[in-house]
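**Q** Output the structure for:
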Amino acid sequence: MVLEDVVNEHFLGRYRALLDAEDEAFDELEHAYEDGDREQFMVDLEAWHETVDRRMAFLERSGMTRVTSPAVT
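**A** Alright, predicted model coming up:
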């Protein structure tokens, strides 16, 4: 598959939306951390992981090479 066949306006729009969702989830995570709210932090951490997973799955479905993220414990 040729990269130019994958990366088009639709791809970039969807990817931008996924990045925006990831950024918003990270902002929520950051706020919980700053507030010292451990319970909300754990909820927000899971939500952030889900947005990262959606972005990575989109890239994989689009034929991009899967990049593994470091394990979080």
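**Q** residue closest to the middle of the protein?
**A** Nearest to the mean C-alpha position of the chain, counting by Cα atoms, centre = their mean, stands Val52 at 2.4 Å.
**Q** measure it to Arg14 for me?
**A** If you measure Val52 against Arg14 using Cβ to Cβ, to the nearest Å, the figure is 15 Å. C-beta coordinates here come from the backbone N, C-alpha and C atoms, glycine included.
**Q** for the protein, what's the longest helix?
**A** If you go by DSSP state H, the chain has its longest helix at helix 9-35.
**Q** follow-up on the earlier one: what's the closest non-adjacent residue to the residue nearest to the centre of the chain?
**A** The spatially closest residue to Val52, leaving aside those adjacent along the chain, is Glu22, at 6.0 Å (Cβ to Cβ, 6 or more residues apart in numbering).
**Q** check contacts around that neighbour.
**A** Counting by Cβ atoms under 8 Å, 6 or more residues apart in numbering, Glu22 touches 48, 51-52, 55.
**Q** repeat that for 7 Å
**A** Taking Cβ atoms under 7 Å, 6 or more residues apart in numbering, we find Glu22 in contact with 51-52, 55.
**Q** of these, closest to Gln40?
**A** Proximity of those to Gln40 (Cβ to Cβ) peaks at Thr51, which lies at 16.3 Å.
**Q** What is the burial count for that closest one?
**A** Neighbours of Thr51 under the rule other Cβ atoms under 10 Å: 18.
**Q** same thing with Ala25?
**A** Ala25 - counted by other Cβ under 10 Å - has 19 other residues nearby.
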